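1. pasting the sequence and the predicted coordinates here, then a few questions.
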Amino acid sequence: MFVLWYTYIVLMGSLVLSVGLWLRFDPETVSLLNGHGAPETFFIGVYILIVAGSLVMLVGFFGCCGAVRESQCLLGSFFACLLIIFGAEVAAGVFGFLNKDKIIEDVQNFYAKTYNDNNNSTLITSYHKVLNCCGTKAVPCSDPLGESKDCEVGIEEFFNSKLYIIGYVGIGIAGVMIIGMIFSMVLCCAIRNSREVI
């Protein structure tokens, strides 16, 4: 039973890794943040997801080995590693939550600066297509595309949806890690008690 749980943790780690990679290489997101001077703050949270997913996969493998071999040392190491990763994820979650508005503001400022410098560039065209928006509040679009909104609102909506994905995945993996830590301690204590009886 415990081996299946550790396999589940490895699968959760691979899920977090794949969501992080999807957010990092999503063509829409990359097209919005690939210009010179584009803010990197959004990708900090994405990189944390990628690293956390990779570490959880690796640590889950060690937990699985510890459960199969009934090794208290491996299970204790598994618990300690999950605790460290959990602490790092909580710190990253707090950082992301506190800086959510700054991330959006940085992207809006980047767009406004690029739009004011050259509103016919490929990057600006990418923003208009991906976000279905045009212009800013201060400098409205001269040639609006139908019922498009200004890009400051479009940027806020787009990145809020992406940041919520990061948050939900982080909360999910934190819950799995807490259960994994509980199971590793239960199994570690059961192994110790069975060795005392013999």
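-> Structure's in. What do you need?
2. off-centre distance for the helix or strand in which Ile179 is found?
-> For Ile179, the element it lies in under DSSP states H and E is helix 151-197. On the basis of C-alpha atoms, centre = their mean, to the nearest Å, helix 151-197 sits 12 Å off its chain's mean C-alpha point.
3. likewise stretch 41-60?
-> On C-alpha atoms, centre = their mean, the centre of stretch 41-60 falls 7 Å from the chain's centre.
4. could you do stretch 106-114 as well?
-> Centroid separation between stretch 106-114 and its chain, computed with C-alpha atoms, centre = their mean, is 23 Å.
5. so what touches it?
-> 32-33, 35, 37-39, 41-42, 121, 123-124, 127, 136, 138-139, 151-152, 155-156, 159 (C-beta atoms under 8 Å, 6 or more residues apart in numbering). C-beta coordinates here come from the backbone N, C-alpha and C atoms, glycine included.
6. quick check on the residues you listed: which are buried?
-> Among the contacts of stretch 106-114, the ones that count as buried by 16 or more other C-beta atoms under 10 Å are 32-33, 35, 38-39, 41-42, 123-124, 127, 136, 151-152, 155-156, 159.
7. between these, which is closest to Tyr6?
-> Using C-beta to C-beta, Phe42 is the member of those that lies nearest Tyr6, at 32.5 Å.
8. quick one: the residue nearest to that closest one when sequence neighbours are not counted and Ser161, what's the gap?
-> The shortest distance from Phe42 to any non-neighbouring residue, by C-beta to C-beta, 6 or more residues apart in numbering, is to Ile103 (5.3 Å). Noted for Ile103: a distance of 13 Å to Ser161, by C-beta to C-beta, to the nearest Å.
9. of these two, which one has the most company?
-> Taking other C-beta atoms under 10 Å, Ile103 and Ser161 do not tie; Ile103 has more neighbours (21 against 9).
10. state whether that one and Pro39 are indeed in contact, as I suppose.
-> Yes - between Ile103 and Pro39 there is a contact under C-beta atoms under 8 Å: 7.2 Å.
11. next, count neighbours for the residue lying closest to Glu152 once chain neighbours are set aside.
-> Once flanking residues are discounted, Glu152 sits nearest to Gln108: 5.0 Å by C-beta to C-beta, 6+ apart. By other C-beta under 10 Å, 20 other residues sit near Gln108.
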